[in-house]
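**Student:** Starting from these lines, generate the structure:
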Amino acid sequence: MVEVDIIKLEIFRNLLSSVAEEMGTVLQRSGYSPNIKERRDFSCALFDSKGDIAAQAAHLPVHLGSTPESVKKIIETVDMAPGDCVILNDPYMGGTHLPDITFVEPIFTHEIPTPAFYVANRAHHCDVGGKTLGSMGLCTRIEDEGIIIPPTKLLCGGKLNHTFMKKIMSSVRNPDERKGDFMAQLAANAVGKKRLLNLVKKYSLDEVLFYMNALQDHSERMVRELIKGIPNGIYFGIDHMDDDGMGKKKIPIVLSVSVDEDEITMDFTGSSPQVAGNINAVHAVTRSAAFYVLRCLVKMDIPANSGIFRPINLILPGKSIVNASYPAAVAGGNVETSQRITDVIFWALSKALPGRIPSASQGTMNNVTIGGIDQRTGSEFTYYETIGGGTGASVDKNGINAVHSHMTNTLNTPVEALEHEYPFRVTSYLIRKDSGGSGVHKGGDGIIREYEFLGDAEVSILSERRMRGPGGWSGVDPENLAGTS
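**Tutor:** Sure, this is the predicted structure:
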């Protein structure tokens, strides 16, 4: 039996994560849309032959915890050969919501006939068709939210599938922008493939595979040690979505967390059935939230890979707001319900780890979509961004003002870039003073961002925490955060 060399383990940890980081740099610098090149609304990762995360960059939590399901679904359904690239966005096949399109490519070596690794990236596209500009509007069926892409080869033997590309581009409102971002995603995977093959050439396939597995085992051990530090027991949490946009209000997300030695079970039984509006979250999104919370609680900086999932057991009732089934609309589940699921998990665990977990953060991504005809060019445009807010206070300090928190890790779009690209201006962009609440330690303040439109435009806002603000963990207002048992 080969023993793990702890020095090499750290070397490979950094080698593999640097490949994913470089993929992200290529995608950001090659991106066509401001959403990719400025906001960096994308994620990159490396996967082993089974489709488990081997390493990932410090990108978006809601992407990275869910992407393995896409990769595994592609492995199950598509026979891949060298030079292939398979893409998908179907939330019921491991995706999150339709604007997030995942590109997966196999990496073959001379030693074995099947893929030794996979590289993948997922990026949010500002429009993928559907009934509303930006593909994030009020819908009751997923077909109305945009084009649904099952696992399909965009590259076959290194050659572009022009028929499939034409089908996608004919379904979206700004095809030139989409095509430019597609090319950037292909470029990112190409760099990842090259770097991984260089590692195999330098160290051998066996050694790279060995340390990929060893790093996952290491992360699993670290999470199990974390769980051992949580007192055995059952801890409860409940919070609510404001509404679904279709008339249903105060929609519960219910959680029972059971800690047993070095394993943790998160049971969402009792959560609302899936709703008519688009705030339904698919299984992959809920899994991402659990992944993110456990990684946050580990004090040391552990490798972010699939080993983190191993001690976590999820119980998700079918056809529910945390495990939606076709044909439920899901655009808001990825961006809004994911934030509430995170709040509920932290809320439940705060009772087991008093003083360790800050109060709830803003609890919304504040999704803004703007579209119309650019009078300067006569062409159609769509723009998407999320607006940051405040993070929750901790036992010894105030929250942070005006940042993105939890399941989003994007940046703001610089005003100059936005005004250059689109027919509107930002007339005000500042911190909303004293909006973070009161207390011994206050929550972080939010943001004011005002727009001036230079022509007709269609605007939609998908947001939460408007009816019930985020609660503090001490002295909770039951109307804000019910369920203090």
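
**Student:** pLDDT-wise, which helix or strand of the chain ranks last?
**Tutor:** Least confident helix or strand of the chain, by mean pLDDT, DSSP states H and E, is helix 61-64 with a mean of 74.

**Student:** all helices of the protein, in order?
**Tutor:** 6-30, 34-37, 61-64, 67-77, 162-169, 175-203, 205-228, 283-297, 331-332, 338-352, 415-421 (DSSP state H).

**Student:** Mind listing residues that contact the last one?
**Tutor:** I take that to be helix 415-421. Residues outside helix 415-421 that contact it (CB atoms under 8 Å, 6 or more residues apart in numbering): 34, 38, 383, 424, 425, 426, 429. Where you see a C-beta, it was placed from the backbone N, CA and C, and this is true even at glycine.

**Student:** and the second one, how many neighbours?
**Tutor:** Residue neighbour count, defined by other CB atoms under 10 Å, stands at 20 for residue 38.

**Student:** Let me see the contact set for it.
**Tutor:** 411, 413, 414, 417, 418.

**Student:** Just want to check the distance between it and residue 401.
**Tutor:** Distance, residue 38 to residue 401, using CB to CB, to the nearest Å: 21 Å.

**Student:** Nearest residue to residue 327 in space, please, no chain neighbours.
**Tutor:** residue 141 (4.7 Å; CB to CB, 6 or more residues apart in numbering).

**Student:** Over to the one you found: give its phi and psi.
**Tutor:** phi -140, psi 150 (degrees, to the nearest 10).

**Student:** if I pick it, what's in contact with it?
**Tutor:** 327, 328, 329.

**Student:** Most neighbours among those residues, please name it.
**Tutor:** Neighbour max across those (other CB under 10 Å) = residue 329, 30 neighbours.

**Student:** Relative to residue 292, how far out is the spatially closest residue to that one that is not a sequence neighbour?
**Tutor:** With sequence-adjacent residues excluded and distances taken as CB to CB, 6+ apart, residue 329 is closest to residue 278, at 3.8 Å. Distance from residue 278 to residue 292, counting by CB to CB: 22 Å.

**Student:** List the contacts of the residue nearest to residue 329.
**Tutor:** Here residue 278 is in contact with 136-140, 145, 244-245, 329-333, 462 (CB under 8 Å, 6+ apart).

**Student:** so how far is residue 338 from it?
**Tutor:** 13 Å.

**Student:** Also residue 373?
**Tutor:** 33 Å.

**Student:** between those two, which one's more packed in?
**Tutor:** Shown here are residue 373 and residue 338; by other CB under 10 Å, residue 338 has more neighbours (29 against 14).

**Student:** Quick check: the gap between the more buried one and residue 290.
**Tutor:** Distance from residue 338 to residue 290, by CB to CB: 11 Å.

**Student:** Centroid-nearest residue for this structure?
**Tutor:** Closest residue to the average C-alpha location of the chain: residue 62 at 2.0 Å, with CA atoms, centre = their mean.

**Student:** Residue 306 contacts residue 216, correct?
**Tutor:** Yes. In this structure, residue 306 is within contact of residue 216 by CB atoms under 8 Å, at 5.7 Å.

**Student:** Please enumerate the shared neighbours of those two.
**Tutor:** Common neighbours of residue 306 and residue 216 (CB under 8 Å, 6+ apart) are 52, 53, 54.

**Student:** can I assume residue 181 is in contact with residue 32?
**Tutor:** Yes. Taking contacts as CB under 8 Å, residue 181 lies within contact range of residue 32: 5.1 Å.

**Student:** what's the closest non-adjacent residue to the residue nearest to the centre of the chain?
**Tutor:** Closest residue to residue 62 apart from its sequence neighbours, by CB to CB, 6+ apart: residue 407 at 4.2 Å.

**Student:** burial measure for that neighbour, as a count.
**Tutor:** 24.

**Student:** do residue 243 as well
**Tutor:** Residue 243, neighbours per other CB under 10 Å, totals 17.

**Student:** Which strand residues bridge it?
**Tutor:** residue 249 (DSSP bridges).
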